[in-house]
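> have a look at this prediction, sequence included:
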Amino acid sequence: KVLADAGVPAPVCAIEAEVMAEADLLGVPSHGVRMLPGLVRGIRDGRVTANPQIKLARERLASCVLDGDNGPGRFVSVQAMQQAVGRAQHFGIGACLATRVTHWGRAHAYACRAAQAGMIGICTTNAIPNMLAWGSSRPLLGNNPLAIAVPRGRGQEPVVLDMAMSQAAVGKIGTFLREGKKVPANWGLDTTGQASNDPAAILAGGKILPFGDHKGVGLAFIMELLTGALSGGLFSHEIAQIDSTGLDSGSSKLFLALDISAFVDAERFGQRVEDLIAWLRQAEPGLTITLPGERGLQARERHLADGIPIHAEIVAQLEAMGVRLNLA
């Protein structure tokens with residue numbers, strides 16, 4: 001309703017609401033309805049196009065470039081992954097590079113949708129610089145997340161890896177701050193450049209650390225090339241020059257889909273996935289294996305039964321925008 005009042009068409013509202021609430025349902029409040037106020041402000045300020053005129057700017061049989069017109073990022077991203085999946089159904093592999101897109105929320109959502117369609121889904125994006133690199137004193141690269149989703153056997157939820165190139169997403173550090181929790185000392189530095197477990201000090205300094213030192217930096221750099229360079233669009237620092245709010249207006253995102261049946265019988269693939277999981281789970285007595293995305297599925301079960309917890313600070317922000325939640 002809030003998005004509709006801001007001039008967003010109903011089909012766009014529906015997808016934005018679905019993907020946004022889905023993050024909370026899966027236990028990731030940093031990327032859920034908390035992001036609605038920022039999106040609405042972006043629409044009102046003209047940094048987000050309420051009714052985007054999405055078009056294909058370049059096209060071959062298995063690939064395309066989609067101009068997102070800086071529309072709401074979740075809606076544009078769903079369209080882009082659908083393009084990739086549709087092409088993979090015909091050619092075994094499909095790729096869609098979406099340019100001029102705003103923040104998409106959580107990468108998990110789009111890779112997972114490809115897996116739910118029976119494909120292996122892969123997606124990545126660039127973002128404003130928020131991560132130190134090569135020992136720098138200020139952020140040089142975005143933590144450019146990568147998501148990969150793989151279908152499992154019949155009746156099973158897909159395995160979904162969703163990871164930022166930093167030790168933790170900025171939104172996750174913000175979640176720890178709201179909840180009064182300390183963070184691991186390797187997540188970031190304070191304003192003086194010292195390791196800190198205080199989320200407020202890390203956010204104040206803006207010094208988020210890459211995961212795996214040079215490995216996270218190298219991956220973030222490559223993701224930048226696969227998005228900003230491949231689209232001929234903006235790099236992370238150029239996005240920030242236009243809009244430093246974190247809405248990522250002008251960012252680029254790459255969506256890939258692999259049709260499993262183009263490589264191996266789908267039933268055989270599903271069985272092989274289950275074989276590996278079964279082997280890992282009995283590899284050592286007492287060893288607990290948590291698959292990528294499994295904690296989110298556990299959170300979904302709890303939340304469907306008991307309701308979705310939303311921090312009072314976020315509730316207040318939503319209510320200020322006219323949102324009325326069904327609160328227990």
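Here it is on my side, so go on.

> backbone torsions only: list them for the closest residue to Val101 other than its chain neighbours.
What sits nearest to Val101 in space, not counting adjacent residues and going by CB to CB, 6 or more residues apart in numbering, is Gly68, at 4.1 Å. For glycine as for every other residue, the C-beta is placed from the backbone atoms N, C-alpha and C. Dihedral angles of Gly68 (phi, psi; degrees, to the nearest 10) stand at phi -80, psi 0.

> Gly68 against Ala98, yeah?
Yes: shown here, Gly68 and Ala98 form a contact pair, counting by CB atoms under 8 Å, at 5.2 Å.

> neighbour-wise, which of those two wins?
Between Gly68 and Ala98, counting by other CB atoms under 10 Å, Ala98 is the more crowded of the two (32 against 28).

> what sits against the more buried one?
Shown in contact with Ala98 (CB atoms under 8 Å, 6 or more residues apart in numbering): 65-68, 76-77, 79-80, 231, 252-255.

> the same query, at a cut-off of 10 Å, please.
54, 57, 64-68, 73, 76-77, 79-81, 83-84, 104, 110, 123, 125, 227, 231, 233, 251-255 (CB atoms under 10 Å, 6 or more residues apart in numbering).

> now restrict those to buried residues only.
Among those, those classed as buried by 16 or more other CB atoms under 10 Å are 54, 64-68, 73, 76-77, 79-81, 83-84, 104, 110, 123, 125, 227, 231, 233, 251-255.

> can you name the residues that contact the residue nearest to Val101?
49, 52-55, 57, 75-77, 79-80, 98-102, 104, 250-253.

> which ones among the contacts of Ala98 map onto strands?
Ala57, Cys64, Val65, Leu66, Asp67, Cys123, Thr125, Ser251, Ser252, Lys253, Leu254, Phe255 (DSSP state E).

> of all those, which two lie farthest apart?
Using CB to CB, the two most remote members of those are Ala57 and Cys123, lying 18.5 Å apart.

> pLDDT weak spots in the stretch 1-150 of the chain?
Within the stretch 1-150 of the chain, no stretch has pLDDT under 70.

> could I get the full set of helices for it?
2-5, 10-25, 36-45, 73-91, 108-116 (DSSP state H, counting those that start in this stretch).

> just name the most buried of these.
Greatest average neighbour count among the helices of the stretch 1-150 of the chain goes to helix 108-116 (a mean of 25), per mean count of other CB atoms under 10 Å.
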